[in-house]
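> For reference, the sequence and a predicted model appear below.
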Amino acid sequence: MLPGQTLGLDTFKNEFGPGIIVLGENDGTFDAARIDGFRITGADQGGAILVNGYTNNLLISNNRISGNQGFYGGGIRVGHPELIFQAAGGEQVHVDAQNDGVIIRHNHIAQNGGLNGAGGGVSIHTGAEGYTVSRNFIVGNFTSGDGAGIGHLGASNGTISENTITFNQSFNQGLTVIGGGVLVSGLPTVDANTLPVGPGSGTVLVDSNRIQGNQAGAGDGGGIALRSTNNDLITITNNVIVNNVTGLAGGGISLQDAANVNISNNTIAMNDSTATASLA
């Protein structure tokens, strides 16, 4: 178990029944396993693939993942969005799940649904250092949280490249959720008395993706949304970001509390804002 997790029936109380669950051990023995060539469908609470922790260099490739639902992401989920523990100094911090070097590539990820957290198709959470999400077809996923296609939530350094991310939707009538195609976001601080600012998102490269026809129906960033990345470098290059729609602002790209961003050599065209969300 990761810090903050307890053994028993409540260990995965919001994640029962994933198609595949990956549980590494905190002794360095889990290295370079793979999930390859499966069709995963019909998971109704834990999503298609749930990666818990201590899973260095896991490869998830060549799978067809469709028609799954998860509480914190319906398709592929790495780590936990809300797991916290008390550090040695007494402060509460977000748990580093130690899922370093995860590679997600050549998967067909379609029509999955997430309820909370971030990511209807792919969800990356704190502690996935050096992750790669590349050459996947991510289409028609939905979330009532943030980041319908790919959701990066928490501090992890990684690369999102050469994916087709189309027709994904984020919508929640009661909340201002953001990011139709891609979300890159840090988490808020757990204890404002010891850490007044959140830990940021980590350094992320978003390169050479096709991000088209996505919708953030109740918030910002129809194509890409950045939030609370703080001073971490986010590089958005060589992408085609077209025909995306948002209900608030930033039909193509939105930036909030993102102080160090490089946006270059992209095609950003025919995006729109309907300005129909409550904050508009």
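Perfect, I can see it now. Numbering: from 1, shown residues only.

> I'd like to know how far the closest residue to residue 234 other than its chain neighbours sits from residue 127.
With CB to CB, 6 or more residues apart in numbering as the criterion, residue 234 has its nearest non-adjacent residue at 4.8 Å, and that residue is residue 261. (Each C-beta comes from the backbone N, C-alpha and C, glycine too.) Going from residue 261 to residue 127 by CB to CB, to the nearest Å gives 23 Å.

> and the residue nearest to residue 234, how many neighbours does it have?
Neighbour count for residue 261, taken as other CB atoms under 10 Å: 15.

> Equivalent analysis for residue 130, please.
Each residue near residue 130 was counted by other CB under 10 Å, and the total is 16.

> distance of residue 216 from residue 130?
Distance check for residue 216 against residue 130: by CB to CB, it reads 28 Å.

> wait, I meant residue 97
According to CB to CB, residue 97 and residue 130 sit 13 Å apart.

> Could I get the contacting residues of residue 87?
Counting by CB atoms under 8 Å, 6 or more residues apart in numbering, residue 87 touches residue 93.

> roughly how far apart are it and residue 3?
When residue 87 is compared with residue 3 (using CB to CB), they lie 9 Å apart.

> I'd assumed residue 49 was in contact with residue 76.
Yes. The pair residue 76 and residue 49 qualifies as a contact (CB atoms under 8 Å) at a distance of 4.7 Å.

> What are the phi and psi values at residue 136?
phi -100, psi 160 (degrees, to the nearest 10).

> Make sure it is actually in contact with residue 163.
Yes. A contact is recorded between residue 136 and residue 163 when judged using CB under 8 Å, the distance being 4.8 Å.

> Residue 10 - how many residues pack around it?
Every residue meeting other CB under 10 Å relative to residue 10 is counted, giving 9.

> ok, now residue 278?
Number of residues near residue 278 (other CB under 10 Å) recorded here: 12.

> which ones are touching the closest residue to it other than its chain neighbours?
Residue nearest to residue 278 in three dimensions, not counting chain neighbours: residue 176, with 7.1 Å by CB to CB, 6+ apart. If you count contacts by CB under 8 Å, 6+ apart, residue 176 has them with 218, 219, 220, 248, 277, 278, 279.

> Let me see the contact set for the last one.
Think residue 279. Under the criterion of CB under 8 Å, 6+ apart, the contact partners of residue 279 comprise 176, 219, 248.

> on that earlier part again, can you tell me how far the residue nearest to residue 278 is from residue 247?
Separation of residue 176 from residue 247 (CB to CB): 9 Å.

> and what of residue 185?
Per CB to CB, residue 185 is found 18 Å from residue 247.

> cool, and residue 237?
Distance from residue 237 to residue 247, by CB to CB: 27 Å.

> Between those two, tell me which one has more neighbours.
residue 247 (26 against 15).

> And that one, what's its pLDDT?
In the prediction, the pLDDT value recorded for residue 247 is 96.

> hang on, it packs against residue 277?
Yes. Residue 247 sits in contact with residue 277 when judged by CB under 8 Å, with a separation of 3.8 Å.

> Mind listing the shared neighbours of the two?
A shared contact of residue 247 and residue 277, defined by CB under 8 Å, 6+ apart, is any residue touching both; here these are 217, 218, 219.

> And for the last one, the neighbour number?
In this case it means residue 219. A count of nearby residues for residue 219, using other CB under 10 Å, gives 29.

> Quick check, it in contact with residue 247.
Yes. Taking CB under 8 Å as the contact criterion, residue 219 and residue 247 are neighbours in contact, 6.7 Å apart.

> Overlap of the contact sets of those two?
Shared contacts of residue 219 and residue 247 (CB under 8 Å, 6+ apart): residue 277.

> follow-up on the earlier one: got any residues that touch both of residue 176 and residue 247?
Here residue 176 and residue 247 share the contacting residues 218, 219, 277, scored by CB under 8 Å, 6+ apart.
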